[in-house]
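Enquirer: Fold the following and give me the result.
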Amino acid sequence: MKALRWHGVKDLRLDHIDEPTAQKGQVKIKVEWCGICGSDLHEYTAGPIFIPTEEPHPLSGDKAPIILGHEFSGQVVEVGEEITKVQVGDRVVVEPIYACGKCTACKQGTYNLCEKMGFYGLAGGNGGGFSEYASIPEAMIHKIPDTVSYEQGALVEPSAVALHAVRQSKLKVGDKAAVFGTGPIGLLVIEALKASGASEIYAVELSEQRRKKAEEFGAIGIDPSECDPVEHIQKLTNGGVDVSYEVTGVPPVLTQAINSTKIGGETMIVSIFETEASIHPQNIVLKERTINGIIGYRNVFPAVISLMAQGYFPADKLVTKRIKLDEAIEEGFETLLKERTQVKILVKAE
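Expert: Here you go, the predicted model:
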């Protein structure tokens, strides 16, 4: 089968490899759609970040070259021994977190903080989203109803990141929020904030196209090149938002996100930073603010799927391009690096 594999920085290859089988405890799916994630782009331009290169990942047993792709949907075509949750023909999505089940974090139920945590499609696995077929541990599988399309299903994983970020924050119904950065995850955070009852949502974004997209989602757009976003938010909210969400991974923006919050406000770090970000502690201490961070998600896939069935996290607003697996490098990865108009590109397995 065809599979897009990471061999090194700026070295993705469409390889022909053996088709996987459903081994004991695994479910084989025919991949339908897979989204290109910001994490995939980070690996392409600056990796390895999550991809194991020297030693095999302790849970997947794999190392580079790795099949990329962890935001995907598909149909079950084969089940291995001891499978009880799904059957052939089921429409499913994948929650791609590897967890050991034995460390302190896992025993506490916070499996996304596992000491050996990895992502299927980044840390290895018997396939990946950017391939024709994938064989996946049953624990990662969630069924989707007929009312949720395969395209929509490919957005469950990134939507789970957004919903987890909002759930882990102190936001309450009626609170005001600011989102710094409106790429795919930032837009999904806006959608999660709407679903959670935020009364006002401010979106700080340099790109005019992405800022307008945030406004389509119901946010109040702010262009940081035309004003001081912190002063503007403080003025519009009479003292700052209750919670801000940093979704750019750009160090100076973290300071802006912190300073946009009110006395006792909170900043959630949602992005992955490639470099260190310096902050002045006084900005936190003098207003008794807090900073929190999230990685991935836990226990939110069912809620996301339910919200999607109600119309939240719409694919028609988020997906800006659909391509074939053969086109994934030039029309997918390279296009996302060059065109700020793109939001989410989906890749169709064949």
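
Enquirer: any idea how far residue 243 is from residue 265?
Expert: Residue 265 is 7 Å from residue 243, where distance means Cβ to Cβ, to the nearest Å. (Glycine included, C-beta is placed from N, CA and C.)

Enquirer: do residue 320 as well
Expert: With distances taken as Cβ to Cβ, residue 320 is found 28 Å from residue 243.

Enquirer: Which of those two has more residues huddled nearby?
Expert: More crowded of residue 320 and residue 243, by other Cβ atoms under 10 Å: residue 243, with 28 against 17.

Enquirer: Mind listing what's buried along stretch 160-176?
Expert: For stretch 160-176, burial by neighbour count (16 or more other Cβ atoms under 10 Å) applies to 160-169, 171, 175-176.

Enquirer: can those go into TSV with extra columns for distance to residue 213?
Expert: Shown next, in TSV, are the buried residues of stretch 160-176 (distance: Cβ to Cβ, whole Å):
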residue	distance to residue 213
160	20
161	18
162	15
163	19
164	22
165	19
166	19
167	23
168	25
169	22
171	22
175	23
176	21
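
Enquirer: What about these, which are in strands?
Expert: By the criterion of DSSP state E, membership of the buried residues of stretch 160-176 in strands covers residue 176.

Enquirer: now, which of the buried residues of stretch 160-176 sits nearest residue 330?
Expert: Nearest to residue 330, judged by Cβ to Cβ, of these is residue 161 at 26.6 Å.

Enquirer: residues touching that closest one, list them.
Expert: Contacts were defined as Cβ atoms under 8 Å, 6 or more residues apart in numbering; by that measure residue 161 touches 185, 188, 270, 294, 296, 297.

Enquirer: hmm, 10 Å instead?
Expert: Residues in contact with residue 161 (Cβ atoms under 10 Å, 6 or more residues apart in numbering) are 37-39, 71, 184-185, 188-189, 192, 247, 270, 294-297, 300, 304.

Enquirer: Now do the domain split for the chain, please.
Expert: The chain breaks down by automatic domain parsing into domains covering 2-155+313-348, 162-293.

Enquirer: Turn those domains into CSV, columns for mean pLDDT.
Expert: CSV is the format used below for those (pLDDT from 0 to 100):
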stretch, mean pLDDT
domain 2-155+313-348, 95
domain 162-293, 96
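
Enquirer: quick one on the thing from earlier: farthest-separated two in the buried residues of stretch 160-176?
Expert: The largest distance within those, taken as Cβ to Cβ, falls between 160 and 176 and amounts to 23.9 Å.

Enquirer: which SSE is the nearest residue to residue 209 once chain neighbours are set aside in?
Expert: Distance criterion Cβ to Cβ, 6 or more residues apart in numbering; nearest residue to residue 209, sequence neighbours excluded, is residue 341 at 4.6 Å. Assigning secondary structure by DSSP states H and E places residue 341 outside every helix and strand.

Enquirer: Quick check: residue 341 touching residue 183?
Expert: No. With contacts counted by Cβ atoms under 10 Å, residue 341 stays clear of residue 183, the gap being 11.7 Å.

Enquirer: what do the two both touch?
Expert: 207, 210, 213.

Enquirer: can you pick the most crowded of these?
Expert: With neighbours defined as other Cβ under 10 Å, the most crowded of the shared contacts of residue 341 and residue 183 is residue 213; it has 25 neighbours.

Enquirer: That residue against residue 319, yeah?
Expert: No. Residue 213 is not in contact with residue 319 according to Cβ under 10 Å; the separation is 11.7 Å.

Enquirer: So for these two, which residues contact both of them?
Expert: By Cβ under 10 Å, 6+ apart, residue 213 and residue 319 have these common neighbours: 184, 343.

Enquirer: gap between the residue of the chain most remote from its centre and residue 280?
Expert: Outermost residue of the chain with respect to the C-alpha centroid, by Cα atoms, centre = their mean, is residue 286; its distance is 33.0 Å. For residue 286, the distance to residue 280 under the criterion Cβ to Cβ works out to 10 Å.
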